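**Q** Sequence first, then the predicted structure, then my questions.
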Amino acid sequence: MEIGLVDLFDGSAQRDPAYMRAFALTAEEAGFSSLWLPEHLVFFEEYESAYPYPAAPNPANPEVSEVHTYGDAAASAPRVEAAVEQGLLEVLQTAAELCRHTTRLRIGSSVLLLPLRNPRLLVGELATLDLLTGGRFDLGVGVGWSAEEYAAAGVPFAERGARFERNLAAIPELWGKQEIGRPLPRVLVGGHSRPAIRRAARYATGWYPWNLTTGEFAHHLAEIEAGLREHGRPREDFHIIAGLRFHGSPAELRPTVERYLELGADGVNLSLRMTPETYPETMREVSRALGLAA
Amino acid sequence: MVAYGIACDITGADPGLLGRIEASASAAEQAGFASWWAGGDREQVASGGHDAVLTLQCAARATERLGLRLSGDVPVVRSPAVRAKQVASLDWFSQGRLEYGLDLGPVPDALRDQDDDLDAAAEHLAAMRALWSQRRAVFEGERVAFRGAIALPRPAKMRVHVRHGDRPVLDLLAQQADGWLGWLVPAEELPVTLGELNEALAEAGEAEVRRTWLVAAAEFARAKELLAKEPSLGVDELVAVFGELPAPERVRELA
């Protein structure tokens, strides 16, 4: 059972490199297969952009979606789940740090904002990271949702789709041209919009939807599989990870996870938002509930 | 007193690269070098070398006091918010030991992505500085804009160095930077080059910036002698530039 954890390394004094090392080793020892790192370049107190994933599957019944509000519950637009002084370390350096202290754990981006990158430089960074981590990095990529973040990055929000597609297509091409001599890391497209599904099936080596109910997951998975067939790409070479923010107890997890796997996911990523005080016990409880360490 | 440093471009694809970087950086610290520099974007394009930030992170992990330096970011080839995050994170991983070097020369064709004039470079730098220094960062430029941006972690202080260039580059350096980088400036051209810097500083009303002269490793001993003979040149730091990662014993020989 391939289970990953999505969590934040925020650059605070509390979550220092010693904490990162302990966190990664605990996850590895508990039998998790991977850690996944969200990306935001900046946060804002106020957004005009609406966060697109406020609804997560109900812990007791993943066929049903329920909305969680974070921060100001009276806010008109759904908000991203973030602290008042939220920080985040850069994804690729964080991956290098976590891999330095582990031997088996894979690290992924959940997801890297691909339209904001220069593809030539990103491929160089990926090649270095791939070597430093012994091939243990998976590149989750997405378009993002915050027009405010795009303005801060100096990239027109209206061009996000075109830039995403351009960069996604460029990555394997540039990797090949640079004669790196190792396989390109797995590239998983985040999201389930029609363009995301189309781009994943055409260009990527994986799909990484977020917060879909099991019914929605099955529906979009069928679209992905149709897209793969259309492009003559074998399903067995394509990796699918269902990601979700899980608000329930560890005991409720097993049926939910098993349902995604039965439907065709190769793995499930869980965002549990653990605290520095509770993460070892939470990891062990989840591991026991899912039988990961066995 | 002149400080000494090591700069290198790092190539190679052997699985032991991480350990080799850590060993060489550790040797540099133990041998008394003050700084460890990564090659810039221009060198990386030419050599196909490894990413500067990720290799500096390896050096940071293996050392405690060694200063870490980016020697030549071409600012307009990256989004300023992306680079500000990368630089701030590396500073965090190195516990505040990072300084940031810019290359404002012509943009290498292979890296061209957006605007590439000097105004764009200045705007990128100003945007990054706002993100690094303000609790709720505000910036309004032609290409980049934010209001109330929270960019954590923030460096306590990020010193910015600029490579020698033409007069507009030197004017920007004099107005906005903390240091001058003489990247592979030949010894016989050093007095004239520093004279150009002095003119730009005087015109901007700036008294001084830190002066770092980077020379090919083979020229390091001769450069050291020159600086001992000519302290009036005012060079603060001399850096030996290697075309590849120097082995620990080579680092120790140079000390």
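**A** Great, that's in hand.
**Q** where does the stretch 51-200 of chain B have low pLDDT?
**A** Along the stretch 51-200 of chain B, the parts satisfying pLDDT under 70 run over B:114-116.
**Q** which residues in it form strands?
**A** Secondary structure of the stretch 51-200 of chain B (DSSP state E, counting those that start in this stretch): strands at B:67-73, B:98-102, B:137-140, B:145-150, B:160-163, B:179-183.
**Q** what's the spacing between the fifth one and its chain's center?
**A** When you say that, I think you mean strand B:160-163. 6 Å (C-alpha atoms, centre = their mean, to the nearest Å).
**Q** what does the second one give?
**A** Shown here is strand B:98-102, whose average C-alpha point lies 4 Å from the average C-alpha point of the whole chain (C-alpha atoms, centre = their mean).
**Q** Also the longest one?
**A** Its chain's C-alpha centre lies 3 Å from the corresponding centre of strand B:67-73 when counted by C-alpha atoms, centre = their mean.
**Q** ok, now which ones touch the residue positioned nearest the centre of chain A?
**A** The residue lying closest to the centre of chain A (C-alpha atoms, centre = their mean) is A:Ser110, at 2.3 Å. Residues near A:Ser110 by C-beta atoms under 8 Å, 6 or more residues apart in numbering or on different chains: A:6, A:36-39, A:140, A:190, A:208, A:243, A:269. C-betas here are computed from N, CA, C, even on glycine.
**Q** how about the nearest residue to whichever residue of the stretch 51-200 of chain B sits closest to chain A, chain neighbours excluded?
**A** The minimum distance from the stretch 51-200 of chain B to chain A, using C-beta to the nearest C-beta, falls at B:Leu152 (2.9 Å). With sequence-adjacent residues excluded and distances taken as C-beta to C-beta, 6 or more residues apart in numbering or on different chains, B:Leu152 is closest to A:Gly87, at 2.9 Å.
**Q** That neighbour: how many residues sit nearby?
**A** 23 (other C-beta atoms under 10 Å in any protein chain shown).
**Q** I'd guessed it sits against A:Gln14; true?
**A** No. The pair A:Gly87 and A:Gln14 fails to qualify as a contact (C-beta atoms under 8 Å) at a distance of 11.0 Å.
**Q** got the buried residues for stretch A:110-121?
**A** Buried residues in stretch A:110-121, counted by 16 or more other C-beta atoms under 10 Å in any protein chain shown: A:110-121.
**Q** ok, now stretch B:217-237?
**A** Buried residues in stretch B:217-237 (16+ other C-beta under 10 Å): B:217, B:220, B:223-224, B:226-227, B:235-237.
**Q** Next, the distance between the ends of it.
**A** Distance between the boundary residues of stretch B:217-237 (C-alpha to C-alpha, to the nearest Å) amounts to 14 Å.
**Q** Phi first, then psi, for B:Arg159.
**A** The phi/psi pair for B:Arg159 (degrees, to the nearest 10) reads phi -80, psi 140.
**Q** Enumerate every residue touching it.
**A** Applying C-beta under 8 Å, 6+ apart to B:Arg159 gives the contacts B:99-100, B:178-179, B:210.
**Q** re earlier: model confidence score at the residue nearest to the centre of chain A, please.
**A** If you check A:Ser110, the pLDDT there is 98.
**Q** and what of A:Pro172?
**A** 98.
**Q** what do you get for A:Asp72?
**A** 56.
**Q** Likewise for B:Tyr4?
**A** pLDDT recorded at B:Tyr4 is 98.
**Q** and it, helix, strand or coil?
**A** strand (DSSP: H, G, I helix; E, B strand; the rest coil).
**Q** Please give the element, helix or strand, for A:Arg163.
**A** helix A:160-177 (DSSP states H and E).
**Q** Just give me the closest of the contacts of A:Ser110 to chain B.
**A** So of these, ranked by how close each gets to chain B (C-beta to the nearest C-beta), first place is A:Glu39, at 8.7 Å.
**Q** For that closest one, give me its contacts.
**A** Applying C-beta under 8 Å, 6+ apart, the residues near A:Glu39 are A:88, A:91, A:109-113.
**Q** how does it look with 10 Å?
**A** Contacts of A:Glu39 were listed using C-beta atoms under 10 Å, 6 or more residues apart in numbering or on different chains, and they are A:88-92, A:94, A:109-114, A:116, A:140-142, A:144, A:149, B:82, B:85.
**Q** If we go by neighbour counts, what in stretch A:210-228 is buried?
**A** Buried-residue list, stretch A:210-228, by 16+ other C-beta under 10 Å: A:210-214, A:216-217, A:220-221, A:223-225, A:227-228.
**Q** Correct me if wrong: A:Gly140 contacts A:Leu168.
**A** No. The criterion here is C-beta atoms under 10 Å, and A:Gly140 misses it with A:Leu168 at 11.9 Å.
**Q** Quick check: closest non-adjacent residue to B:Glu206.
**A** B:Ala174 (5.0 Å).
**Q** Number of residues surrounding the one you found?
**A** B:Ala174: 21 neighbours (other C-beta under 10 Å).
**Q** what's the answer for A:Thr256, then?
**A** That count, for A:Thr256 with other C-beta under 10 Å as the rule, works out to 23.
**Q** which residues of chain A fall in strands?
**A** A:3-6, A:34-37, A:43-44, A:55-57, A:65-67, A:106-109, A:112-113, A:137-142, A:187-190, A:206-208, A:239-245, A:267-271 (DSSP state E).
**Q** Name the residues that touch the fifth one?
**A** In this case it means strand A:65-67. In contact with strand A:65-67 (C-beta under 10 Å, 6+ apart) are residues A:54-59, A:78, A:211-213, A:215-216, A:247.
**Q** A:Gly140 and A:Leu168: who's more crowded?
**A** When A:Gly140 and A:Leu168 are compared for neighbours, A:Gly140 comes out ahead with 29 against 20, by other C-beta under 10 Å.
**Q** now the more buried one, which residues is it bridged with?
**A** A:Leu188 (DSSP bridges).
**Q** Quick one: residues contacting it.
**A** Contacts of A:Gly140 (C-beta under 10 Å, 6+ apart): A:6, A:36-39, A:91, A:108-112, A:114, A:186-190, A:204, A:206-208, A:210, A:241, A:243, A:269.
**Q** what sits against the residue in chain A positioned nearest to chain B?
**A** Going by C-beta to the nearest C-beta, chain B is nearest to A:Gly87 of chain A, at 2.9 Å. Residues in contact with A:Gly87 (C-beta under 10 Å, 6+ apart) are A:8-12, A:15, A:40, A:43, B:85, B:88-89, B:92, B:150-154.
**Q** same deal with B:Ala110?
**A** Listed by C-beta under 10 Å, 6+ apart, the contact set of B:Ala110 reads A:120-121, A:174, B:41, B:44-46, B:77.
**Q** Of those residues, keep whichever come out buried.
**A** Here, 16+ other C-beta under 10 Å leaves A:120-121, A:174, B:41, B:44-45, B:77 buried among those.
**Q** And the furthest pair within those residues?
**A** A:Leu174 and B:Asp41 (15.4 Å; C-beta to C-beta).
**Q** thinking again about what came up before, buried residues, the helix holding A:Arg163. List them.
**A** A:160, A:163-165, A:167-168, A:170-171, A:174-175.
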